[in-house]
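Novice: this one's sequence-less:
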C-alpha cells in the first residue's frame with residue numbers, strides 16, 4: 001500500500017493494484033485495475049468533495065463511470 005497526500009483532505013492510496021482517491025476519510029473515485037477503468041461515486045457528498053474528484057481527474061471526470069458508493073467502499077475492505 002502506498003499513500004500520497006494530494007492536498008487538504010485529499011489523499012490517493014494505492015491498494016491491491018488500484019489507485020483510490022479519498023476525500024476526507026471517504027473513498028470517492030478510483031482506477032479499478034480489474035476492469036481497467038476509472039470510476040467515481042454517484043453519491044453527492046459536498047462541494048469540496050466534488051472539487052477533489054474533478055481535480056484528481058484533471059477535468060476528465062466525465063470519462064469515469066459512476067458507481068454506487070458501496071463499490072468504492074468494498075475496494076478498501
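Specialist: Here it is on my side, so go on. Keep in mind the model is a prediction, meaning the values are calculated, not measured.
Novice: flag every buried residue along the helix ranked longest in the chain.
Specialist: For the chain, the helix that runs over the most residues, judged by DSSP state H, is helix 47-56. Of the residues in helix 47-56, those with enough neighbours to count as buried (16 or more other Cβ atoms under 10 Å) are 49, 52, 53, 56. All C-beta spots, glycine's among them, are computed from the backbone N, C-alpha and C.
Novice: TSV for these, including pLDDT and distance to residue 13?
Specialist: Below are the buried residues of helix 47-56 laid out as TSV (pLDDT from 0 to 100; distance: Cβ to Cβ, whole Å):
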residue	pLDDT	distance to residue 13
49	95	16
52	94	13
53	94	15
56	94	12
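Novice: quick one, phi/psi of the one residue sitting closest to the centre of the chain?
Specialist: By Cα atoms, centre = their mean, the chain has its centre lying nearest to residue 29, at 1.8 Å. Per-residue torsions, residue 29: phi -160, psi 160 (degrees, to the nearest 10).
Novice: wait, it sits on residue 58?
Specialist: No - in terms of Cβ atoms under 8 Å, residue 29 does not count as a neighbour of residue 58; the distance is 11.8 Å.
Novice: which ones are touching residue 35?
Specialist: The contact partners of residue 35, by Cβ atoms under 8 Å, 6 or more residues apart in numbering, come to none.
Novice: in a helix, it, correct?
Specialist: No - note on residue 35: no helix contains this position according to DSSP: H, G, I helix; E, B strand; the rest coil, which reports coil.
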